[in-house]
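> Predicted model follows, preceded by the sequence.
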Amino acid sequence: MARIFVTRRIPERGLAMLQEKGYELTVSRHDRVLQKEEIIAELKNGYDAMLCLLTDKIDAEVMDAGLPQMKMIANYAVGFDNIDLKAAAERNLVITNTPGVLTETVAEHTFALLLSLAHRIPESDRFTRVGKYVGWGPMLLLGTDVSGKALGVVGLGRIGSRVAHHGANGFGMKVLYHDPKPNLDFEKEYGAVYKEKLEDLLAEADFVSIHVPLMDSTRHLINAERLKQMKPTAYLINTSRGPIVDEAALVEALKAGTIRGAALDVYENEPKLATGLAELENVVLTPHTASATEETRSKMAELAATNLIEFLEGRTPPNTVKQ
């Protein structure tokens, strides 16, 4: 019977699905990110497949530790920038991910960050908790309205499209979007405006929400120059991947008032934050929890398990990553 190594415990439903098939599971006893050397040492024990997390860096050396027995790696994430796809292709390893099931949850979290920024909710919470609130004041912690403002969506995938939906239908926002090519059906449905040049979107949007995958072309897509192209009253929200934003440049822009605020769920050097970021009042920070609901994390576990089962039973997994 097939043997599977799971690098960190995931919601029980996914593990139960694999156990019901009779597979031999080895789940890491550590509730933390494993060191590369720890993964390598475990894979040398011989496994047919591995279920890993986005925090696991799976490179050629890690893959070689599992060969020749290992044939598949199931990533418990929609993104797969933690896996060297070129090395996987060279070794004929099948890679899968868990897209789709987290779209709604991440879009909700993105909008929660946007609203929290606009209405200064975390800042107001801190203000109240430490006893600074002594009575209502006409100028106390003034935020900004969201309704009717311009929402700039960078990357019109599943999540970006859903964020645009919430903005347009829930708050009457004007949707601008930047993507490699225009989507006429999307424009018709939401009255959206395509911006071929990113700088044109940045110059007009009141809220800029990032939804692109991490690739060489998107690393530091939002840098010091691009931050200067935004309105001084604008806000930046990133729930995609940390390195897409030059975090040090963002700190400086926030300090200087280049933009009004930012909300991040992902960071350039997770779990570390750029120096000075945590001390700023005009930021909202969450610990990579945009998909962290019981429903969604369980669905991700089920999808990762389904990918493994389909492959191990000789069928094509539903979410095979193109290499």
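Great, that's in hand. Since we're looking at a predicted model, the values are computed, not measured. Numbers count the residues shown, from 1 in each chain.

> List the contacts of the nearest residue to residue 91 once chain neighbours are set aside.
Excluding the flanking residues, the one nearest residue 91 by C-beta to C-beta, 6 or more residues apart in numbering is residue 63, at 5.5 Å. From N, CA and C alone the C-beta is placed, and that goes for glycine too. Going by C-beta atoms under 8 Å, 6 or more residues apart in numbering, residue 63 touches 70, 73, 84, 87, 88, 91, 93.

> quick check, nearest of those residues to residue 106?
Nearest to residue 106 out of the contacts of residue 63 is residue 73 (C-beta to C-beta; 22.6 Å).

> Am I right that the closest one sits in a strand?
Yes - under DSSP: H, G, I helix; E, B strand; the rest coil, residue 73 falls within a strand.

> for it, which residues make a bridge with it?
residue 50, residue 95 (DSSP bridges).

> Can you tell me how far it is from residue 204?
Remark: distance between residue 73 and residue 204 (C-beta to C-beta, to the nearest Å) = 42 Å.

> which SSE is the residue nearest to residue 91 in?
Assigned by DSSP states H and E, residue 63 falls within helix 60-66.

> tell me the mean pLDDT for that helix?
If you average the pLDDT over helix 60-66, you get 98.

> residues contacting residue 62?
Residues in contact with residue 62 (C-beta under 8 Å, 6+ apart) are 36, 39, 40, 43.

> What of residue 304?
Per C-beta under 8 Å, 6+ apart, neighbours of residue 304: 10, 14, 51, 74, 75, 76, 96, 98.

> Then residue 282?
Contacts of residue 282 by C-beta under 8 Å, 6+ apart are 123, 254, 260, 261, 262.

> Surely residue 192 and residue 179 touch.
No - contact between residue 192 and residue 179 fails when scored by C-beta atoms under 8 Å: they sit 10.4 Å apart.

> secondary structure class for residue 262?
Secondary structure assignment for residue 262 (three-state DSSP): strand.

> which strand residues sit across from it in the sheet?
Note on residue 262: beta-bridge partners residue 236, residue 283, judged by DSSP bridges.

> Tell me, how many residues neighbour it?
27 (other C-beta atoms under 10 Å).

> Residue 198 now?
Residue 198 has 16 nearby residues by other C-beta under 10 Å.

> need the contact list for the nearest residue to it once chain neighbours are set aside.
Leaving aside its sequence neighbours, residue 198 sits nearest to residue 178 (C-beta to C-beta, 6+ apart; 5.0 Å). Applying C-beta under 8 Å, 6+ apart, we find residue 178 in contact with 152, 153, 154, 155, 156, 194, 195, 196, 197, 198, 201.

> tell me which element the second one is part of?
The secondary structure element spanning residue 153 is strand 150-154 (assigned by DSSP H and E).

> circling back: among the contacts of residue 282, which one is most surrounded by other residues?
For the contacts of residue 282, neighbours tallied by other C-beta under 10 Å; top is residue 262, 27 neighbours.

> Would you double-check that residue 99 falls in a helix?
No - applying three-state DSSP, one finds residue 99 to be coil, outside a helix.

> Quick check: closest non-adjacent residue to it.
Closest residue to residue 99 apart from its sequence neighbours, by C-beta to C-beta, 6+ apart: residue 78 at 4.6 Å.

> where exactly do the strands run in the stretch 151-300 of the chain?
174-178, 193-194, 207-210, 235-238, 261-264, 283-285 (DSSP state E, counting those that start in this stretch).

> rewinding a little: which of the contacts of residue 63 sit farthest apart?
Pairwise over these, using C-beta to C-beta, the maximum falls at 70 and 84, 14.3 Å.
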